[in-house]
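Q: just coords:
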(Lines give C-alpha, C1' and ligand atoms only; values in the text may rest on other atoms or scores of the structure.)
Protein backbone atom coordinates (compact mmCIF):
# COMPACT_ATOMS: atom_id res chain seq x y z
CA UNK A 1 0.00 0.00 0.00
CA UNK A 2 2.80 2.46 0.81
CA UNK A 3 4.52 1.64 -2.44
CA UNK A 4 1.34 2.48 -4.37
CA UNK A 5 1.11 5.92 -2.77
CA UNK A 6 4.71 6.79 -3.54
CA UNK A 7 4.60 5.62 -7.14
CA UNK A 8 1.32 7.42 -7.82
CA UNK A 9 2.05 10.38 -10.15
CA UNK A 10 0.60 13.76 -9.33
CA UNK A 11 -0.62 15.96 -12.15
CA UNK A 12 0.14 19.68 -12.22
CA UNK A 13 3.07 22.09 -12.22
CA UNK A 14 5.73 22.32 -9.58
CA UNK A 15 6.60 25.61 -7.95
CA UNK A 16 9.85 25.87 -9.93
CA UNK A 17 8.04 25.32 -13.24
CA UNK A 18 5.52 28.01 -12.37
CA UNK A 19 8.22 30.50 -11.35
CA UNK A 20 10.17 29.77 -14.52
CA UNK A 21 7.07 30.38 -16.66
CA UNK A 22 6.41 33.68 -14.84
CA UNK A 23 10.05 34.70 -15.34
CA UNK A 24 9.84 34.05 -19.10
CA UNK A 25 6.54 35.92 -19.30
CA UNK A 26 8.04 38.87 -17.37
CA UNK A 27 11.02 39.06 -19.72
CA UNK A 28 8.74 38.99 -22.78
CA UNK A 29 6.55 41.76 -21.36
CA UNK A 30 9.56 43.91 -20.43
CA UNK A 31 10.80 43.64 -24.03
CA UNK A 32 7.39 44.68 -25.41
CA UNK A 33 6.83 47.74 -23.14
CA UNK A 34 9.11 50.12 -25.13
CA UNK A 35 7.39 49.04 -28.36
CA UNK A 36 3.93 49.78 -26.94
CA UNK A 37 5.11 53.14 -25.58
CA UNK A 38 6.55 54.11 -28.98
CA UNK A 39 3.33 53.12 -30.73
CA UNK A 40 1.32 55.21 -28.24
CA UNK A 41 3.50 58.26 -28.98
CA UNK A 42 3.12 57.76 -32.74
CA UNK A 43 -0.65 57.42 -32.35
CA UNK A 44 -0.85 60.60 -30.27
CA UNK A 45 1.29 62.56 -32.76
CA UNK A 46 -0.90 61.33 -35.61
CA UNK A 47 -4.03 62.45 -33.76
CA UNK A 48 -2.55 65.89 -33.11
CA UNK A 49 -1.55 66.31 -36.75
CA UNK A 50 -4.96 65.16 -38.00
CA UNK A 51 -6.73 67.68 -35.75
CA UNK A 52 -4.32 70.42 -36.90
CA UNK A 53 -5.04 69.64 -40.57
CA UNK A 54 -8.78 69.74 -39.90
CA UNK A 55 -8.41 73.10 -38.12
CA UNK A 56 -6.42 74.53 -41.04
CA UNK A 57 -9.00 73.30 -43.55
CA UNK A 58 -11.72 74.96 -41.52
CA UNK A 59 -9.83 78.28 -41.55
CA UNK A 60 -8.99 78.11 -45.25
CA UNK A 61 -12.58 77.26 -46.15
CA UNK A 62 -13.72 80.34 -44.24
CA UNK A 63 -11.17 82.51 -46.05
CA UNK A 64 -12.22 81.11 -49.45
CA UNK A 65 -15.75 82.31 -48.85
CA UNK A 66 -14.55 85.90 -48.55
CA UNK A 67 -13.76 88.21 -51.43
CA UNK A 68 -10.00 88.38 -51.99
CA UNK A 69 -10.11 92.19 -51.99
CA UNK A 70 -11.50 92.12 -48.42
CA UNK A 71 -8.58 90.06 -47.07
CA UNK A 72 -5.73 92.01 -45.42
CA UNK A 73 -2.75 92.92 -47.58
CA UNK A 74 -0.20 92.47 -44.78
CA UNK A 75 -0.06 91.34 -41.20
CA UNK A 76 -0.91 88.37 -39.03
CA UNK A 77 -4.02 87.00 -37.38
CA UNK A 78 -4.15 84.47 -34.57
CA UNK A 79 -6.98 82.08 -33.80
CA UNK A 80 -7.28 79.40 -31.15
CA UNK A 81 -9.40 76.31 -30.90
CA UNK A 82 -9.78 73.50 -28.38
CA UNK A 83 -10.46 70.04 -29.75
CA UNK A 84 -11.05 67.19 -27.29
CA UNK A 85 -9.02 68.91 -24.58
CA UNK A 86 -6.14 69.84 -26.90
CA UNK A 87 -5.44 73.52 -27.64
CA UNK A 88 -4.38 74.61 -31.12
CA UNK A 89 -3.21 78.05 -32.23
CA UNK A 90 -3.42 79.14 -35.86
CA UNK A 91 -1.26 81.98 -37.15
CA UNK A 92 -2.38 83.39 -40.49
CA UNK A 93 0.24 85.48 -42.30
CA UNK A 94 -0.90 87.56 -45.25
CA UNK A 95 1.38 88.47 -48.18
CA UNK A 96 4.68 87.40 -46.71
CA UNK A 97 6.16 87.95 -50.18
CA UNK A 98 4.81 91.24 -51.55
CA UNK A 99 5.19 90.10 -55.17
CA UNK A 100 2.54 87.42 -54.58
CA UNK A 101 -0.13 89.96 -53.65
CA UNK A 102 -2.20 92.33 -55.73
CA UNK A 103 -5.76 93.64 -55.84
CA UNK A 104 -6.96 90.26 -57.06
CA UNK A 105 -4.69 87.86 -55.14
CA UNK A 106 -3.40 87.20 -51.62
CA UNK A 107 -0.64 84.92 -50.44
CA UNK A 108 -1.64 83.16 -47.23
CA UNK A 109 0.64 81.20 -44.93
CA UNK A 110 -1.09 79.24 -42.18
CA UNK A 111 0.77 77.66 -39.27
CA UNK A 112 -0.99 75.47 -36.70
CA UNK A 113 0.74 75.19 -33.34
CA UNK A 114 0.17 72.83 -30.45
CA UNK A 115 1.73 73.89 -27.12
CA UNK A 116 4.21 76.19 -28.87
CA UNK A 117 5.34 73.68 -31.49
CA UNK A 118 4.32 74.03 -35.15
CA UNK A 119 2.65 70.77 -36.15
CA UNK A 120 1.26 71.77 -39.55
CA UNK A 121 2.02 74.49 -42.07
CA UNK A 122 0.40 75.31 -45.39
CA UNK A 123 0.96 78.11 -47.88
CA UNK A 124 -1.38 79.09 -50.71
CA UNK A 125 -2.41 81.95 -52.96
CA UNK A 126 -6.05 82.98 -53.25
CA UNK A 127 -7.12 84.73 -56.45
CA UNK A 128 -10.32 86.29 -57.62
CA UNK A 129 -12.03 84.23 -60.29
CA UNK A 130 -13.20 86.16 -63.31
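A: Nice, I can see it. Quick caveat: nothing in here was measured; it's all calculated off a predicted structure.

Q: so how many other residues sit close to residue 40?
A: Counted with other Cβ atoms under 10 Å, residues neighbouring residue 40 total 10. Yep, even glycine has a C-beta here, placed from its N, CA and C like the rest.

Q: typed the wrong thing, it's residue 106
A: Using other Cβ under 10 Å, residue 106 has 24 other residues around it.

Q: How about residue 52?
A: 25.

Q: Test my guess that it contacts residue 112.
A: Yes: under the criterion of Cβ atoms under 8 Å, residue 52 makes contact with residue 112 at 4.0 Å.

Q: In a strand, residue 124, correct?
A: Yes: the assignment for residue 124 by DSSP: H, G, I helix; E, B strand; the rest coil puts it in a strand.

Q: Strands of this structure, residue ranges please.
A: For the chain, strands defined by DSSP state E occupy the ranges 75-83, 86-94, 105-114, 117-127.

Q: which residues does the nearest residue to residue 76 once chain neighbours are set aside contact?
A: The shortest distance from residue 76 to any non-neighbouring residue, by Cβ to Cβ, 6 or more residues apart in numbering, is to residue 93 (5.2 Å). By Cβ atoms under 8 Å, 6 or more residues apart in numbering, residue 93 lies in contact with 75, 76, 108, 109, 110, 111.

Q: any residues in contact with both of residue 52 and residue 112?
A: Overlap between the contact sets of residue 52 and residue 112, as judged by Cβ under 8 Å, 6+ apart, is given by 88, 119, 120.

Q: ok, the closest residue to the second one other than its chain neighbours - contacts?
A: It refers to residue 119. Counting by Cβ to Cβ, 6+ apart, the nearest residue to residue 119 once its immediate chain neighbours are dropped is residue 52, at 4.7 Å. The neighbourhood of residue 52, defined by Cβ under 8 Å, 6+ apart, consists of 88, 112, 114, 119, 120.

Q: buried subset of those residues?
A: Buried positions within the contacts of residue 52, assessed by neighbour count (16 or more other Cβ atoms under 10 Å), are 88, 112, 114, 119, 120.

Q: Mind putting the residues you listed into a markdown table with distance to residue 68 and pLDDT?
A: Rendered in a markdown table, the data for the buried ones among the contacts of residue 52 read as follows (distance: Cβ to Cβ, whole Å; pLDDT from 0 to 100):
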| residue | distance to residue 68 | pLDDT |
| --- | --- | --- |
| 88 | 26 | 96 |
| 112 | 22 | 96 |
| 114 | 29 | 95 |
| 119 | 28 | 96 |
| 120 | 23 | 96 |
